[in-house]
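*Asks:* Give the three-dimensional model of this entry:
(one chain, ligands or ions: 4)
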Amino acid sequence: RALEAGAGPALNFEPVPVDTSDAFIVPEGYEAKVIYRWGDPVTGAMPEFSPHNTGAEQGEQAGMHHDGMHFFPIEGQDPWQGSSTDGLLVVNHEYIEPRFLHAGKVEGQAMTAWSVPDHAGPRDPDMVLKELNAHGVSVARIREDADGEWRIVPDPRNRRITALTEMEIAGPVRGSDLVKTKFSPEGERTRGTFANCAHGVTPWNTYMAAEENWSGAFVNNDAELPREHARYGVRQGMSRPNWHLAADGADGFVRFDASTKADSAEGDYRNEPNGFGWMVEIDPFDPDSTPVKRTTLGRCAHEGVVFAPVNDGEKVVCYTGDDARNEYIYKFVSAGTFRRGVTRGEILDEGVLYVAKFHDDGTGEWLALVHGQNGLDESNGFVSQADVLVNTRLAADFVGATPMDRPEWGTVDPETRAVYFTLTNNSQRTADDIDGANPRGPNPFGHIIRWHEDGGQEAQTFTWDLFVIAGPHEDSADMHGEALTDDNIFSSPDGLWMDANRRLWIQTDISESVMYRGNHTVFGNNAMLAANPETGEIKRFLTGPVGQEITGVVTTPDHRTIFVNVQHPGATTSAEDFASANYASHWPDGGNAIPRSATVMIRRTDRGVIGA
Ligand code: FEO
Ligand code: CA
Ligand code: CA
Ligand code: CA
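*Replies:* Ligands and ions are numbered 1, 2, ... in the order given. Below is the predicted model:
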């Protein structure tokens, strides 16, 4: 079943065993150091971390829950070349755990991972501000000094982008009635990005942050939800954080209530949720630049976006997954062609969004989501391209795309251009609705699919296979039909990246709701593995501390330093143990400290190439 021939990259390290300790463990001959934690000072007055930090201080510090990230070499011409000791680290801060964020205020109270203080409202405005500022993206210059230590360096480019930062809306949805709000009556701007899971790196050296699980932050208490809210899970009654219930009624907070307010003279925020669910482009080298929501890439629970390598004269092609049960994988092909040094993000504002249909015989096709094509017209309720894009999921439903087992990260093989996607798990798939591309129902452990486009990257058909089916020994089969072993059993693949040496890095996200229990006991802590795309060999490279997931991975251009993120350590802490400060994890600060998400730097003690 292998699509490639040859030996592929070496995996020259001793695999680390499954582990359940509160430690970050790498193979012999490697060292790991924490370099960038939630709350570390980034910009402005550079406030030091404390559980008592204010909302404004949080806005000048690293956000919570590190996720996708990239290391941009400081010279800044090419995303994958340049300095390996000095660069801008750009990190998504996906979500928050309110009990740890507000630890200074809620000590001694029994709180679960999902408890929100004052949830029923009115909510403390500074706590709401702190929550909004703990989300988003951070840009921090990091440098390896002469003593070999990596440090955060004050720099004019250091920046926090939060759930309050002003953003442009670009592409066909700009100016549409569907995004007009009290804040932007012209429908051209919105405020903030949050739920930023994975990311993308454009061929013109900018960063893209995905908006994934954003819908739970909005409420709409109208009798009936419009389809552009209902299909995405906008809530009625209470939202998950109830930001709209901040006691000061600030405009930046009340907008999270999208109910129709017919008596409001200056307009309302019924369209506010339509400004979310996009891919957001950020230029990390220009701290004054306004982030841009690129609407051609569709609106969904974007996990991330991955760009295929592109040469001058070729169209720009990227792929994005909608991470929810039975949602879809998308591909965008630009109208214009790429020119190195000239092309900028505007090339993404014109082109075609497709959705994937996987046939059981190993072939597949890309179905265009274009107004007037494939039945996406007025007679079927789609009045414009803006309407198609705001309702991307409904358009994909309509054309008959293949529902997938939660598409997470993707990556493109730099040599063969094969595309890989993780399908993390799907508790809702049943034995009756399995198909070739999603062959297990229910699917508690996930798998990785890959395809080759038939012809150029912009082709409309492809050929696919399954790279690996994850799970315990008896329930898995790799590409050769062999069960996984003690050296590589894993579950719930999520982060995925193939480096320039073609090592495929696989990161796991077993949910804290099933971690260490039942059929997930055997996997221990979440981990990162390395795979050879040609032979299918897989080895466990590292394991993280208790309760976390490993997510985000990038090497320096010389491949001698690799960065990964540890997200939500200690999320498995029970409400009772929180009350007694007996956290499931005290990583990385140790002692009785509250756990903090963080970026970890890993290298060989002999400074050789990672994995070689
Ligand atoms: Fe935020 Fe799909 O993981
Ligand atoms: Ca993820
Ligand atoms: Ca997660
Ligand atoms: Ca996940």
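
*Asks:* Give me the pLDDT for residue 217.
*Replies:* With respect to pLDDT, residue 217 has a value of 98.

*Asks:* Touching, it and residue 256? I think so.
*Replies:* Yes: Residue 217 is in contact with residue 256 according to Cβ atoms under 8 Å; the separation is 5.7 Å. For every residue, glycine as well, the C-beta is placed using N, CA and C.

*Asks:* higher neighbour count, the two?
*Replies:* residue 217 (25 against 22; other Cβ atoms under 10 Å).

*Asks:* Contacts only, for that one.
*Replies:* 194-195, 239-241, 243, 256 (Cβ atoms under 8 Å, 6 or more residues apart in numbering).

*Asks:* And the residue of the stretch 501-612 of the chain found nearest ligand 1, how far from residue 412?
*Replies:* Nearest residue of the stretch 501-612 of the chain to ligand 1, counting by Cβ to the nearest ligand atom: residue 509, 6.3 Å away. Here the distance between residue 509 and residue 412 works out to 21 Å (Cβ to Cβ, to the nearest Å).

*Asks:* Quick check: residue 466 touching residue 447?
*Replies:* Yes: in this structure residue 466 lies within contact range of residue 447 using Cβ under 8 Å: 5.7 Å.

*Asks:* list residues touching both of these two?
*Replies:* Taking Cβ under 8 Å, 6+ apart as the contact rule, residue 466 and residue 447 both touch residue 439.

*Asks:* Look at those two and report which has more neighbours.
*Replies:* The residue with more neighbours, out of residue 466 and residue 447, is residue 447; 25 against 19, by other Cβ under 10 Å.

*Asks:* so who does the closest residue in space to the more buried one that isn't next to it in sequence touch?
*Replies:* Spatial nearest neighbour of residue 447, chain neighbours left out: residue 469 (4.5 Å); criterion: Cβ to Cβ, 6 or more residues apart in numbering. Residue 469 makes contact with 439-440, 445, 447, 476-478 under the criterion Cβ under 8 Å, 6+ apart.

*Asks:* All the helices of the stretch 101-250 of the chain, in order from the start?
*Replies:* 103-106, 125-134, 227-230 (DSSP state H, counting those that start in this stretch).

*Asks:* tell me the most buried of these?
*Replies:* helix 125-134 (a mean of 24; mean count of other Cβ atoms under 10 Å).

*Asks:* Mind checking the pLDDT average for that helix?
*Replies:* What helix 125-134 shows for mean pLDDT is 98.

*Asks:* Then stretch 106-119?
*Replies:* Stretch 106-119 comes out with an average pLDDT of 96.

*Asks:* what's the offset of it from the middle of its chain?
*Replies:* Here stretch 106-119 is found 26 Å from its chain centre; the criterion is Cα atoms, centre = their mean, to the nearest Å.

*Asks:* Buried residues, that stretch. List them.
*Replies:* By neighbour count on 16 or more other Cβ atoms under 10 Å, the buried set for stretch 106-119 is 106, 111, 113, 115-118.

*Asks:* The residues you listed: which two are farthest apart?
*Replies:* 113 and 118 (17.0 Å; Cβ to Cβ).

*Asks:* ok, back up a step: what's the closest of the contacts of residue 217 to residue 285?
*Replies:* For the contacts of residue 217, the closest approach to residue 285 (Cβ to Cβ) belongs to residue 194, at 23.0 Å.

*Asks:* State which one residue of the stretch 151-300 of the chain is found closest to ligand 1.
*Replies:* For the stretch 151-300 of the chain, the residue closest to ligand 1 is residue 197, as judged by Cβ to the nearest ligand atom, at 3.3 Å.

*Asks:* Setting aside sequence neighbours, what's the nearest residue to that residue?
*Replies:* Nearest non-adjacent residue to residue 197, counting by Cβ to Cβ, 6+ apart: residue 212, 3.9 Å away.

*Asks:* quick one: stretch 323-337 to chain centroid distance?
*Replies:* 15 Å.

*Asks:* heads up, I number from 36, so please use that
*Replies:* Understood, numbering begins at 36; the last thing we discussed is stretch 358-372.

*Asks:* ok, back up a step: in a markdown table: the contacts of residue 252, plus pLDDT and distance to residue 258.
*Replies:* Putting these into a markdown table (pLDDT from 0 to 100; distance: Cβ to Cβ, whole Å) gives the following:
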| residue | pLDDT | distance to residue 258 |
| --- | --- | --- |
| 229 | 98 | 28 |
| 230 | 98 | 27 |
| 274 | 98 | 18 |
| 275 | 97 | 22 |
| 276 | 98 | 24 |
| 278 | 98 | 23 |
| 291 | 98 | 19 |
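
*Asks:* if you skip the residues just before and after it, what's nearest to the residue in the stretch 36-185 of the chain positioned nearest to ligand 1?
*Replies:* Closest residue of the stretch 36-185 of the chain to ligand 1, Cβ to the nearest ligand atom: residue 129 (5.6 Å). Leaving aside its chain neighbours, residue 129 sits nearest to residue 102 (4.1 Å; criterion: Cβ to Cβ, 6+ apart).

*Asks:* now swap in residue 293 and tell me
*Replies:* If the residues on either side of it in the chain are set aside, residue 293 comes closest to residue 255, at 4.3 Å by Cβ to Cβ, 6+ apart.

*Asks:* I figured the one you found was touching residue 305, is that so?
*Replies:* Yes: the pair formed by residue 255 and residue 305 meets the contact definition of Cβ under 8 Å, at 7.3 Å.

*Asks:* what is in contact with those two at once?
*Replies:* Both residue 255 and residue 305 are contacted by 261, 293-294, under the criterion Cβ under 8 Å, 6+ apart.

*Asks:* for these, which one is nearest ligand 4?
*Replies:* Ranked by distance to ligand 4 (Cβ to the ion), the shared contacts of residue 255 and residue 305 are led by residue 293 at 26.2 Å.

*Asks:* For burial, what's the neighbour tally of the closest one?
*Replies:* Neighbours of residue 293 under the rule other Cβ under 10 Å: 26.

*Asks:* any idea how far it lies from ligand 2?
*Replies:* Residue 293 sits 26 Å away from ligand 2, going by Cβ to the ion, to the nearest Å.

*Asks:* okay, the nearest residue to residue 188 once chain neighbours are set aside: pLDDT?
*Replies:* Leaving out its chain neighbours, the residue that sits closest to residue 188 by Cβ to Cβ, 6+ apart is residue 176, at 4.4 Å. On pLDDT, residue 176 comes in at 98.
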